[in-house]
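Chemist: Give me a 3D structure for the following:
(one chain, ligands or ions: 1)
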Amino acid sequence: MKVPDKIRTNCPSCNKHTTHNVKLNRKGKERSMNQGRRKFEAVKRGYGGMPRTPKKPCYKIGKRTVLVLECGECKKKHQKLFAARTKKTVEVG
Ligand SMILES: [Zn+2]
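Modeler: The predicted structure is shown next:
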């Protein structure tokens, strides 16, 4: 699926329709020394390690695609859920 890289849509801060630059929302890289990771590593140490049951196979197949829209006038960003649970790959361009 292709999404145009410029969309004319409502800007919540300008409160009118303006052209927006479109980007895909990507998950950032997790820091290896964050608080939750350090706690988890501490719990996992030693005998009887794994505190959580392994994850069951999931019935949700597709992924949610979130677009990041940047307003051309005020340069503020807001997000829009583009395709809720689709298997198709979404690309901007
Ligand atoms: Zn705006």
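Chemist: Please count neighbours and contacts with C-alpha atoms only from this point.
Modeler: Fine.
Chemist: residue ranges of the helices in the protein, please?
Modeler: 35-44 (DSSP state H).
Chemist: Can you name the residues of it that neighbour the ion?
Modeler: Applying Cα under 5 Å from the ion, one finds that the chain approaches the ion through 11, 14, 71, 74.
Chemist: Please tell me I have it right and residue 43 contacts residue 36.
Modeler: No: assessed by Cα atoms under 8 Å, residue 43 is found out of contact with residue 36, at 10.6 Å.
Chemist: who does residue 71 bridge with?
Modeler: Counting by DSSP bridges, residue 71 is bridged to residue 20.
Chemist: what sits against it?
Modeler: Listed by Cα atoms under 8 Å, 6 or more residues apart in numbering, the contact set of residue 71 reads 11, 18, 19, 20, 21, 77.
Chemist: What is the neighbour count of the third one?
Modeler: It refers to residue 19. For residue 19, the neighbour count with other Cα atoms under 10 Å is 16.
Chemist: Please verify my assumption that it contacts residue 7.
Modeler: Yes: using Cα under 8 Å, residue 19 is in contact with residue 7, at 5.5 Å.
Chemist: if we can go back for a sec, neighbour count winner among residue 43 and residue 36?
Modeler: Legend: neighbour count by other Cα under 10 Å for residue 43 and residue 36, higher for residue 43 (13 against 10).
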